[in-house]
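Asker: When you get a sec, could you give me coordinates for this:
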Amino acid sequence: MKPANIDADMPVDEIMRRWPATIRVFMRRQMLCIGCPIGTFHTIGDACDAHKLDEEAVAKELLSAMRQDAGATAPSAFDTADAREP
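Answerer: Numbering: from 1, shown residues only. Now for the predicted structure:
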């Protein structure tokens, strides 16, 4: 799925799991979100605040990675088994 924007409520852990190419963005920006237990709660805004980064610039870079990610196959952690069944 090629997202049109980043859901402001989506945790960074969810973003990395669904769009693995975004992990490179977090690494390049020296963000410590990868494997962080708070990543299941922190949004992009929270993470940018914690790392003193420009949220708009990071979101733009993440969105670009998300749109180009050929490996984007993971389901959302927010999906339930009932919602996925036909």
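
Asker: what about the helices in the chain?
Answerer: Ranges of helices within the chain are 12-18, 22-28, 44-51, 55-68, 81-84, based on DSSP state H.

Asker: For residue 37, which of these is the nearest?
Answerer: Closest of the helices of the chain to residue 37 is helix 12-18, at 9.1 Å (criterion: C-beta to C-beta). Quick note: C-beta positions are derived from backbone N, CA and C, even for glycine.

Asker: I'd like the average pLDDT over the closest one.
Answerer: For helix 12-18, mean pLDDT rounds to 92.

Asker: and if you look at stretch 49-64?
Answerer: Across stretch 49-64, the per-residue pLDDT values average to 95.

Asker: Would you tell me which of the helices of the chain gets closest to residue 3?
Answerer: Using C-beta to C-beta, the nearest of those to residue 3 is helix 55-68, at 5.4 Å.

Asker: So what touches that closest one?
Answerer: By C-beta atoms under 8 Å, 6 or more residues apart in numbering, the residues outside helix 55-68 that reach it are 2-3, 5-6, 15, 19, 21-22, 24-25, 29, 31, 44-45, 47-49, 72.
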